[in-house]
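Enquirer: Take this sequence and fold it.
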Amino acid sequence: MERRKVEFGAVIKRECFHFEEGCTFINHGSYGVVPTKIRDKQNQLLDDMNDNPDVFYRRTLIQLFGASIDAASKFLGADPKNLVFVQNATTGVNSVLKAFPWQKGDEILATVYTYKAVEYACRKAAEFSTGGHIHQFDIRFPINDESEVVDSMTSFLDKHPRIRLVVLDHITSPTALVFPIKKMIAECRKRGVMVLIDGAHAPGQVAINLEELDPDFYTGNFHKWMFTPRGCAFLWIRKEHHDWCTPLVTSHMYKKGIQFEYCIQGTRDDIPYFCVPEAIQFYKDIGGMEKLNKYTSDLLDKASELVAERLGTEVLQIPKSMEAPGMRLVLLPEYEGYDKTWEGSEKLYMDIMNQHKINCVIYPVQNELYLRLSANIYNEMADYINIVDLLRKLPKKS
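Expert: Have a look, this model is predicted:
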């Protein structure tokens with residue numbers, strides 16, 4: 001049976017993936033899933049590396065890098081000279097922030113829903129380079145129109161003329177909100193401010209053409225929504241920044257150009273990068289973005305409404321244009337023993353995972369806890385019924 005004809009849900013889960021028995025997996029957004037076909041490719045490459053490491057590192061590695069950069073560039077609409085591999089989007093963000101030519105008094109702008117690791121990287125950069133000035137513009141729900149987010153950013157930029165770099169999510173991790181980044185990049189450029197896009201969740205969920213989008217930097221993961229092994233991401237660097245945007249690790253390729261500097265960084269396992277061509281082909285074989293997004297969006301529309309209805313709450317209110325195809329947020333009731341904080345949210349989802357074998361994630365948003373539901377081609381409605389049945393049994397605060 002050709003993969004593109006495989007039925008989504010339980011059938012493709014059985015035929016193309018392998019999960020721990022008895023586990024409900026509705027958190028694709030955090031770590032992704034590796035299909036068995038890609039696992040096989042990963043293992044084959046590991047065997048090649050271990051069977052003759054000298055040949056692999058001295059000859060094969062460069063060939064594999066070239067093939068993977070070529071495949072990734074075509075998928076992302078990127079000039080291959082502007083694209084390098086990094087372990088994850090956090091590494092990509094740190095690479096830019098730690099190399100950035102900061103000057104005294106420079107400031108950074110992020111959002112209140114910037115991924116925590118990225119926020120902390122901004123704070124660290126500010127501490128040793130700019131005197132600690134990082135700003136975070138607010139985003140309030142409900143959102144009626146995407147212009148509200150753009151206006152919130154521009155008004156902040158106009159009030160703080162010393163901001164030199166804006167860090168924006170393409171899709172926010174805590175709130176699954178798709179930013180209108182093309183408009184936001186244009187507004188930053190009008191003001192002479194550089195833009196770093198954290199696209200951790202974007203590849204595989206939304207169409208990306210990096211040369212057309214043209215930020216200053218864009219980093220994104222392949223291991224979340226593109227089915228590669230974990231530790232596979234990319235960093236796109238605008239040509240004018242090539243001379244200074246060097247990697248965190250300085251090695252043998254010092255001053256040989258960003259392609260070589262990011263590629264050769266000592267003895268490490270780069271095999272996740274070399275699975276990119278096969279992962280992209282798998283993604284295409286099962287139907288590509290249009291087919292996948294239709295399945296996940298339709299499933300999540302129904303699942304999120306079901307969960308909200310049975311819990312007596314509501315889905316996070318945002319415009320359709322800002323919905324991520326593979327993620328939705330549903331408000332949770334107030335539960336006994338779980339504060340509406342980062343610590344309370346982590347305690348709740350860890351208890352759900354450890355005690356009930358349901359993998360989900362929960363975030364605090366505007367002083368409430370929200371369940372972030374993910375969906376991929378192996379999910380079906382029964383998965384979301386499992387979580388809502390459990391949540392209805394938890395004791396609520398009186």
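Enquirer: in the stretch 1-150 of the chain, which segments are predicted with low confidence?
Expert: 1-4, 128-132 (pLDDT under 70).
Enquirer: if I've got this straight, residue 363 is in a strand?
Expert: Yes - using DSSP: H, G, I helix; E, B strand; the rest coil, the assignment for residue 363 is a strand.
Enquirer: all strands of this structure, in order?
Expert: With strands called from DSSP state E, the chain shows them at 24-25, 83-86, 107-111, 134-137, 163-169, 194-199, 217-221, 233-237, 327-331, 358-359, 361-365, 368-374.
Enquirer: most packed of those strands?
Expert: Across the strands of the chain, averaging neighbours per residue (mean count of other CB atoms under 10 Å) puts strand 217-221 on top, at a mean of 28. Where C-beta positions appear, they are placed from N, C-alpha and C, glycine not excepted.
Enquirer: how about the strands of the chain in a markdown table, adding distance to residue 304?
Expert: A markdown table is the format used below for the strands of the chain (distance: least, CB to CB, whole Å):
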| stretch | distance to residue 304 |
| --- | --- |
| strand 24-25 | 16 |
| strand 83-86 | 33 |
| strand 107-111 | 23 |
| strand 134-137 | 27 |
| strand 163-169 | 20 |
| strand 194-199 | 23 |
| strand 217-221 | 23 |
| strand 233-237 | 28 |
| strand 327-331 | 4 |
| strand 358-359 | 16 |
| strand 361-365 | 14 |
| strand 368-374 | 6 |
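Enquirer: what's the burial count for residue 266?
Expert: 8 (other CB atoms under 10 Å).
Enquirer: With the one 4 residues further on instead?
Expert: Other residues within reach of residue 270, judged by other CB under 10 Å, total 22.
Enquirer: which non-adjacent residue is nearest it?
Expert: Excluding the flanking residues, the one nearest residue 270 by CB to CB, 6 or more residues apart in numbering is residue 61, at 6.9 Å.
Enquirer: is it true that that neighbour touches residue 268?
Expert: No - counting by CB atoms under 8 Å, residue 268 is not a contact partner of residue 61; they are 10.3 Å apart.
Enquirer: of these two, who's got more company?
Expert: More neighbours surround residue 61 than the other of residue 61 and residue 268, with 18 against 12 (other CB under 10 Å).
Enquirer: and the residue lying closest to residue 352 once chain neighbours are set aside, what are its bridge partners?
Expert: When the adjacent residues along the chain are set aside, residue 352 lies closest to residue 358, with 5.2 Å between them (CB to CB, 6+ apart). Under DSSP bridges, the beta-bridge partners of residue 358 are residue 24.
Enquirer: roughly how far apart are residue 358 and residue 145?
Expert: As judged by CB to CB, to the nearest Å, residue 358 and residue 145 stand 35 Å apart.
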